[in-house]
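# here is a sequence together with a model predicted from it:
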Amino acid sequence: MKDAMRNAVDTMNVGIVGLGAIGRAVCRALDDGLPGLTLSGATARDREKAERFLKGLRSSVPFLSLDDLIQASDVVVEASTQTHLEEIAPKTLEAGRNLVVLSCGGLLGRHDWVKLAEAKRCRIFVPSAAIAGLDGVKGARVGAITSVTMETRKPPRGLAGAPWIEAQKIDLDAITEETLIFEGPATEACRAFPANVNVLAALALAGIGPEKTRIKLFAVPGQSMNLHRITVVGEFGRLAIEVENVPSENPRTGKLSYMSTIALLRELTASLRVGT
């Protein structure tokens, strides 16, 4: 298998798992052309719908089973779910393929996957997703970090279907003013909102870990964007980040999520990389 970091002129085959808002956007970008990258195939739960989408691309892209997709790819992009990641990650890494993880809440505590990647001489990549500043957080981690907190504000419909919402029997339609829905560490938040707070997981992985990284999650009626405010305090000083994301066709996901994934893929073969 071609090593993503070995030779910037190699052509790398990229397979996509999941054809939701992010998966489709990444497929279109690869189909339009990213230097040194080729879309090798895609897979999804709804084969009929997936094949209909793939036929609309300019290049001929096959629908493949997960196993066949892994074999056909140098890099596998997981754009599915945390539950599906439990199958995708070990299979991909065991085959020595690099893995890009969007459902990065599923990486928390999975040191076994990191060790498997090390043993098979491949890598796990996590895009910045819908937030900014992870380069600063990684730099700050070289020294001592005192605290990492995030406040997230989303339209109520963007939280629909989350396990926490279901378990607490929260009527999102009844919310008429800004309401604190959840407060706690990333370890709990990523289980409570697996499709909503992958940005928090990325922040935790870049910084001081999921037990010490905390979130306040608000539902805000009438809000059109997903708002994230991040504060990091440490020996370096204080870092404050605010991002307002336009939601994609999936209200749980900001457009910046797939844009950052495309940017990550572009850098795999780039001769110049900027940022930590």
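Thanks, I have the structure now. Numbering: from 1, shown residues only.

# so where's this structure shaky on pLDDT?
Across the chain, the ranges flagged by pLDDT under 70 are 1-9, 251.

# what are the ranges of the helices in it?
Applying DSSP state H to the chain gives helices spanning 21-32, 47-55, 66-72, 82-94, 111-119, 134-140, 163-167, 186-192, 198-206, 255-268.

# quick check: which of these is buried the most?
helix 198-206 (a mean of 26; mean count of other Cβ atoms under 10 Å). For glycine as for every other residue, the C-beta is placed from the backbone atoms N, C-alpha and C.

# quick one, that helix and helix 255-268 angle?
Between helix 198-206 and helix 255-268, the angle comes out at 40 degrees (axes from the mean of the first three to the mean of the last three Cα atoms, to 10 degrees).

# ok, back up a step: let's have the helices of the chain in CSV, adding distance to residue 233.
Shown next, in CSV, are these (distance: least, Cβ to Cβ, whole Å):
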stretch, distance to residue 233
helix 21-32, 32
helix 47-55, 45
helix 66-72, 41
helix 82-94, 29
helix 111-119, 27
helix 134-140, 9
helix 163-167, 27
helix 186-192, 17
helix 198-206, 14
helix 255-268, 24
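
# and of these, who's closest to residue 127?
Closest of the helices of the chain to residue 127 is helix 255-268, at 4.4 Å (criterion: Cβ to Cβ).

# between helix 21-32 and the closest one, find me the angle.
Counting by the same axes, to 10 degrees, helix 255-268 lies at 40 degrees to helix 21-32.

# residues contacting helix 255-268, please?
4-5, 12, 14, 21-22, 25-26, 29-30, 34-37, 75, 77, 79, 100, 102, 125, 127-131, 198, 243, 245-248, 273 (Cβ atoms under 8 Å, 6 or more residues apart in numbering).

# do you know how far residue 174 is from residue 219?
For residue 174, the distance to residue 219 (Cβ to Cβ, to the nearest Å) stands at 10 Å.

# who's more crowded, the two?
residue 219 (23 against 9; other Cβ atoms under 10 Å).

# who touches that one in this structure?
Per Cβ under 8 Å, 6+ apart, neighbours of residue 219: 153-156, 159, 172, 175, 178-179, 181.

# restricted to strands, list those residues.
Residues of the contacts of residue 219 located in strands (DSSP state E): 153-154, 179, 181.

# now list the buried members of these.
Buried members of the ones in strands among the contacts of residue 219, counted by 16 or more other Cβ atoms under 10 Å: 153-154, 181.

# quick check, nearest of these to residue 234?
residue 153 (24.8 Å).

# so what touches stretch 141-156?
By Cβ under 8 Å, 6+ apart, the residues outside stretch 141-156 that reach it are 137, 172-173, 175, 178, 196-197, 199-200, 203-204, 206-208, 212-224, 226-236, 247, 251.

# check stretch 46-60 too.
With Cβ under 8 Å, 6+ apart as the test, stretch 46-60 has contacts from 19, 24, 27-28, 31-32, 39, 42-44, 61-63.
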